[in-house]
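> next one to model:
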Amino acid sequence: MILAVNPRVTVEVIEGVLKAAKDTENIVILELSLSEMNLKGGYTGLTPKAFAERVRRAAENVGWFRYVLHADHVAVREGTDEEIDNIRKELDARIDAGFTSYAIDTSHLFNVTKDTVSEQLKKVIELGTELFNYLDERMGHKNYGKEGEVGEIGGSELTEVDEALYYVKSMKENGVSLHWLAINNGSKHGVSIDAQGNIIPQLGINVERTIEIVQALWSNGYPTRIAQHGVSGTPLHLIAEAFPKGMINKGNVATYYMLMVYDILRIYEPELFRKIYRWVIEKYRKEGGLRD
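As a prediction, this is how the structure comes out:
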C-alpha cells in the first residue's frame, strides 16, 4: 500500500514524510483536496502552484524526489455548468503545477431517487468521464494516475458490489481505465474523540465488503484497486493484519499529521496553541455543537 499524505499544515510535515520515504526507499504520494487547495487558496491558503513549490523545496532539502503530486477529491457537488467550468480551471492549474495523478470525485451526484444502478450512477459516470476526457486532452496523453469514487466517504450506506462494478465497467467502456477506486467501506475523514479528547480508534472499515468489491472487479478483468480514504484513526496493527494485501493500494492519511503538529505546539509553543484553540472554539462553537 502506498502512503498518500495530505500535508495540510506545515512544510515540516512534508519534509518528515519525505525523510521517512528516503530512509525506507519508498515512493510517497503528496496530495490536497479541492477544498484544501484551490485557486482561491482553499482552507490551507495554498494554490496548486504554491503547494507544488512547497513540496519541491522540501524534496530538495531532504534529497528525495520519489514522490507523486496527486489532486485529491476534485469534487463535483452539483454538476452545474458553472461548477464544471470552475473545475476545469482548477484542473488546468494542477496540470501547470506538475500534478500527475487525479481523483475525480463525482460521487455526490448519486441519484437516490432512482431504482436502478444505471440510473443512480448516470450523472456520476457522465461527468466523471467528461472530466477525465478533459484531462486526457490537456495532458496530451493518458499516462497519469486516475482515481474515481462511488459511494460518498463517510456516508451512511456502504458501496454495493454491483455499484462499484457497474461504475468501473462503464468508465472503462467510456475510455477511462481507473487505477484506484474510492468506496464507502465504513471509513470516514478525520477522527472521533471521547469526552476527554482522546482519539477513538476507527474499527468500522468493512474489510469483507472491500474484498468482495475488488474480487468482483478482478474477476471481470478490471485491475482497479482500492484507494482507502480516512485511514488516520485506524490502528496500525489493524492495517497490518486485516487490510487485504494488494487490494488496497493507496492509503490516505491527513488528520494524523495535523494532530501531530498540534501536539507539538501544545508542548513547545503552549501560548500559540492556546491562541489557536480559542480561535477555533470562538469561530466554530455553534457548528461543533458546543454549549456556551
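
> then stretch 254-263 to PDB, C-alphas only?
Taking Å, rounded to 0.1, in the frame of the first residue of the first chain, the C-alpha atoms of stretch 254-263 are listed here in PDB:
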ATOM      1  CA  ALA A 254      -4.300  13.600   6.800                       C
ATOM      2  CA  THR A 255      -5.700  14.200  10.200                       C
ATOM      3  CA  TYR A 256      -3.000  12.100  11.900                       C
ATOM      4  CA  TYR A 257      -0.300  14.500  10.800                       C
ATOM      5  CA  MET A 258      -2.300  17.600  11.600                       C
ATOM      6  CA  LEU A 259      -2.900  16.400  15.200                       C
ATOM      7  CA  MET A 260       0.800  15.600  15.500                       C
ATOM      8  CA  VAL A 261       1.600  19.200  14.800                       C
ATOM      9  CA  TYR A 262      -0.900  20.400  17.400                       C
ATOM     10  CA  ASP A 263       0.600  18.000  20.000                       C
END
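
> and that stretch, how far from the chain's centre?
16 Å (Cα atoms, centre = their mean, to the nearest Å).

> do the same with stretch 130-140
Per Cα atoms, centre = their mean, the centroid offset for stretch 130-140 relative to its chain is 20 Å.

> same check, this time on stretch 230-243
Worked out by Cα atoms, centre = their mean, stretch 230-243 lies 16 Å from the chain centre.

> okay, it in CSV with CA atoms only?
Extracted C-alpha coordinates of stretch 230-243, given in CSV (Å, rounded to 0.1, in the frame of the first residue of the first chain):
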residue,chain,number,x,y,z
GLY,A,230,-9.9,8.1,6.1
VAL,A,231,-7.0,6.0,7.5
SER,A,232,-6.0,8.4,10.3
GLY,A,233,-8.0,6.8,13.1
THR,A,234,-7.3,3.2,12.1
PRO,A,235,-4.9,1.3,14.5
LEU,A,236,-1.6,0.3,12.7
HIS,A,237,-2.0,-3.3,13.8
LEU,A,238,-5.4,-3.4,12.1
ILE,A,239,-3.8,-2.1,8.8
ALA,A,240,-1.0,-4.6,9.0
GLU,A,241,-3.2,-7.6,10.0
ALA,A,242,-6.6,-7.0,8.4
PHE,A,243,-6.2,-4.9,5.3
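
> make 24 the first number, not 1, from now on.
Let's use 24 as the start, then, which means that last one is stretch 253-266.

> pLDDT averaged over it - what is it?
Averaged across stretch 253-266, pLDDT comes to 83.

> now stretch 134-141
Stretch 134-141 comes out at a mean pLDDT of 95.

> can you point out the buried residues in that stretch?
Of all the residues in stretch 134-141, those buried under the rule 16 or more other Cβ atoms under 10 Å are residue 140. Quick note: C-beta positions are derived from backbone N, CA and C, even for glycine.

> which residues in the stretch 74-223 of the chain form helices?
104-120, 140-143, 145-162, 184-196 (DSSP state H, counting those that start in this stretch).

> would you turn these into JSON lines with distance to residue 68?
Converted to JSON lines, the helices of the stretch 74-223 of the chain look like this (distance: least, Cβ to Cβ, whole Å):
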{"stretch": "helix 104-120", "distance to residue 68": "15"}
{"stretch": "helix 140-143", "distance to residue 68": "37"}
{"stretch": "helix 145-162", "distance to residue 68": "25"}
{"stretch": "helix 184-196", "distance to residue 68": "34"}
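
> so what's residue 127 up against?
97, 99, 151, 154, 155, 158, 169, 170, 171, 172 (Cβ atoms under 8 Å, 6 or more residues apart in numbering).

> who does the most centrally placed residue in the chain bridge with?
Taking Cα atoms, centre = their mean, the centroid of the chain lies closest to residue 95, which sits 4.5 Å from it. Residue 95 has these beta-bridge partners by DSSP bridges: residue 56.
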